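# Compute the structure for the input listed below.
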Amino acid sequence: MHHETALIATIAGGLGLAFILGFLATRLRLPPLVGYLAAGVVVGPFTPGFVADGGLASQLAEIGVILLMFGVGMHFSIRDLLAVRRIAIPGAIAQIVVATALGAVVAHFGGWSWGAAAVFGLSLSVASTVVLLRALEERGLLDSVDGRIAVGWLVVEDLVTVLALVMLPALAGVLGGNAPSATGGIWTTLGITFAKVTAFVALMLFVGTRFVPMLLERVARTGSRELFTLSVLAIALGIAFGAAELFGVSFALGAFFAGVVINESDLSHQAAAEALPLQDAFAVLFFVSVGMLFDPTVLLRDPLSVLSTVLIVILGKSIASFLIVLAFRYPVRTALTVSASLAQIGEFSFILVGLALVLGLVPVEAQSLVLAGSIISIALNPLIFGTVEPVGRWISARPRLLRILQREEPQVTEVAPVDEEGLRDHAVIVGFGRVGGTIGRAIERLGIRYVVLEQSIEAVDDLRDRGIPVLFGDATRAGSLERAHLERARILVLASPGGYQSRQILDIARRINPNIDTVVRTHSAAEQRFLEKQGVGLAVNGERELALGMTRYVLQRFDTDPNQLETIVSALRTSGQGPMLIEPPVATPGALAS
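I've put the predicted structure just below:
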């Protein structure tokens, strides 16, 4: 019996090759996304051998877009955005304008219309959320001030792109593409579009946020995991499809708000966990389908355009964001981290240029240029991130250049009453997040004086409201530590992650107070060993201490002798990351001998 196998062949070929090339990419220390895109190139129509069904691949890609946007919505947090709003919102908008202008000018000089050039430039202005989060996680920066700014910046970029996806169909005629079928002019079309979007958003925020969490709770009460997973996927796909059919908005916007309303539920974490495997699988198919659209011959036919695209993404966006962050009086290391984070483009760029191509706004080569720029920039992003610390050290070693970049010593402002004369034998805590806040609350119970040093004005405002003694300033600048009277302090606590800045702060601290005791938070065993060799009082590797705490609890449950337990934990703590040999335990009366 003959069976139609085009769908199975497309899924099997796409996922199988994506796995192989994604694995090879990780072995080469590249993001697996590079492998997924390369898999699409291999099974695409522009390369010899097996060619996947383009029509089926595009429909699978549409599901991938829905689930990607659904995931973005479920992780969207108004609170996180507001925490860094003073730099993330104006900074992201300014960077989008600069990157769009650069791309538009280059494309226009290449013979494109201004409408096509503007859309092309906009597609180059948006970085990949997937690549950014992975890079920050690998470097232990996700919970740092720099990491929060980069993530907040990207959230603003995502929101601008969502707005662009809504507006492009209405503006297609004005920009030189296929005009919408509606009559009445551009303002009528825009008015109808805004009315539909407003109605949909209002329905989601006022009805969806109440109905969907209630529905999920009732499904969860059934105790059926399969039914709960099905409900999450049905909500994501159903809202996306309904938004497109009833309100005329994109699948992407519908899926985004489906994620937002589920995020309001107490079961949002469980919903995200249940949807993640399918989301990952279809996201891979999305990237494979995007790779199928890439014509590798563009690298030979138009290398100058490819080079210009890559330079805009890697240099243009990076320099613009670097200068913007410095203009907001943030440290050089923050500017370097943010600029490295944004030196790539990804999934939103694909979605945007794909929609523009359907609307006739850009020529076919625009998609190939965006894909080429994405593949190359994502492949180079780990190398770019690797230059942050060396470049930061190089700038810091040149005081004149540092003064030019930061223009003046960052203002150190007292925002909660601090009795400077009473600051003796106190603790100076740099960073007051989950780690620093816990330490502060502990020593406050004992009546020990402390002062917090924070470089985020948003965090300073929050601490001021809570009555915590706090100074606003950058701890890598001597003036900030001097204002905290480090010369009279007993201990310096570096509670924010970040190896390079920790080393800088320690060097300055020892010049101010050679006898200061120090405790430093690290995110790697190598950094911990380095700091210990430099003579810090205590360097704490967060993951290692977490593992040791869990180990101690497990051994206690087996009635291990307390002395033997501490011996084992001490051996684990000093063993590093390599294998460790422990002497066979001596049986204790309470051990499970039977």
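
# elements contacting the helix or strand harbouring residue 214?
Applying DSSP states H and E as the criterion places residue 214 in helix 209-221. Under the contact criterion of 3 or more C-beta pairs under 8 Å, 6 or more residues apart in numbering; DSSP states H and E, helix 209-221 touches helix 225-247, helix 251-263. Glycine gets a C-beta too; all of them are placed from N, C-alpha and C.

# Can you give the domain ranges for this structure?
6-392, 415-522 (automatic domain parsing).

# mean confidence score for the shortest one?
Averaged over domain 415-522, pLDDT sits at 79.

# where along the stretch 451-594 of the chain do the strands fall?
Residue ranges of the strands in the stretch 451-594 of the chain, as given by DSSP state E, counting those that start in this stretch, are 470-472, 491-494, 517-522, 538-541.

# I'd like those laid out as TSV, including mean neighbour count and distance to residue 235.
As requested, the strands of the stretch 451-594 of the chain are arranged in TSV below (neighbours: other C-beta atoms under 10 Å; distance: least, C-beta to C-beta, whole Å):
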stretch	mean neighbour count	distance to residue 235
strand 470-472	24	43
strand 491-494	26	44
strand 517-522	22	39
strand 538-541	18	40
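
# Format those as CSV; extra columns: distance to residue 149.
Converted to CSV, the strands of the stretch 451-594 of the chain look like this (distance: least, C-beta to C-beta, whole Å):
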stretch, distance to residue 149
strand 470-472, 15
strand 491-494, 19
strand 517-522, 19
strand 538-541, 24
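
# all helices of the stretch 451-594 of the chain, in order?
457-465, 478-483, 499-512, 525-533, 542-557, 562-574 (DSSP state H, counting those that start in this stretch).

# Looking at those, spot the one closest to residue 345.
Set against residue 345 and scored by C-beta to C-beta, the helices of the stretch 451-594 of the chain come closest in helix 499-512, at 26.2 Å.

# Mind giving me the packing neighbours of the closest one?
helix 388-396, helix 478-483, strand 491-494, strand 517-522, helix 525-533.

# Pick the most deeply packed of those.
A comparison of the helices and strands packed on helix 499-512 by mean neighbour count, using mean count of other C-beta atoms under 10 Å, puts strand 491-494 on top with a mean of 26.

# Can I get that one as PDB, trimmed to CA atoms?
Extracted in PDB, the C-alpha atoms of strand 491-494 (Å, rounded to 0.1, in the frame of the first residue of the first chain):
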ATOM      1  CA  ILE A 491      34.700  43.400  55.600                       C
ATOM      2  CA  LEU A 492      33.800  43.900  51.900                       C
ATOM      3  CA  VAL A 493      31.000  41.600  50.500                       C
ATOM      4  CA  LEU A 494      30.900  41.300  46.700                       C
END
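
# Pull up the pairing partners for that strand, direction included.
strand 427-430 (parallel), strand 517-522 (parallel) (DSSP bridges).

# Give me the angle between the longest one and helix 499-512.
The directions of strand 517-522 and helix 499-512 differ by 170 degrees, with axes from the mean of the first three to the mean of the last three C-alpha atoms, to 10 degrees as the criterion.

# picking that back up, turn the helices and strands packed on helix 209-221 into a markdown table, including mean neighbour count.
As requested, these are exported to a markdown table (neighbours: other C-beta atoms under 10 Å):
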| stretch | mean neighbour count |
| --- | --- |
| helix 225-247 | 18 |
| helix 251-263 | 25 |
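
# Residue 165: which of the ones you listed is closest?
helix 251-263 (5.5 Å).

# What helices and strands are in contact with the closest one?
Checking 3+ C-beta pairs under 8 Å, 6+ apart, helix 251-263 ends up next to helix 54-74, helix 145-171, helix 186-203, helix 209-221, helix 225-247.

# per-residue confidence averaged over the second one?
Helix 145-171 carries an average pLDDT of 79.

# Just the angle for it relative to helix 499-512, thanks.
Using the same axes, to 10 degrees: helix 145-171 against helix 499-512 is 140 degrees.

# host element of residue 361?
With DSSP H and E as criterion, residue 361 is part of no helix or strand.

# isn't it right up against residue 116?
Yes: counting by C-beta atoms under 8 Å, residue 116 is a contact partner of residue 361 at 5.9 Å.

# Now list whatever residues contact both of those two.
Residues touching both residue 361 and residue 116 (C-beta atoms under 8 Å, 6 or more residues apart in numbering) are 175-176.

# Figure out which of the strands of the stretch 451-594 of the chain is closest to residue 301.
strand 517-522 (48.8 Å).

# contact partners of that closest one?
Against strand 517-522 from outside (C-beta under 8 Å, 6+ apart): 140, 435, 490-497, 499, 502, 506, 509, 528, 531, 536-542.

# For the stretch 201-350 of the chain, give me the ranges with low pLDDT.
Low-confidence segments of the stretch 201-350 of the chain, defined by pLDDT under 70: 249-250, 264, 266-269, 272-276.

# Give me the neighbour count for residue 109.
A count of neighbours around residue 109, defined by other C-beta atoms under 10 Å, yields 10.

# Next, the contact list for it, please.
So residue 109 contacts nothing (C-beta under 8 Å, 6+ apart).

# Which positions within stretch 204-221 qualify as buried?
For stretch 204-221, the neighbour count (16 or more other C-beta atoms under 10 Å) marks 204, 208-209, 212-213, 215-216, 219-220 as buried.

# Name the nearest of the residues you listed relative to residue 317.
Closest to residue 317, out of all of the buried residues of stretch 204-221 and judged by C-beta to C-beta, is residue 204, at 31.8 Å.
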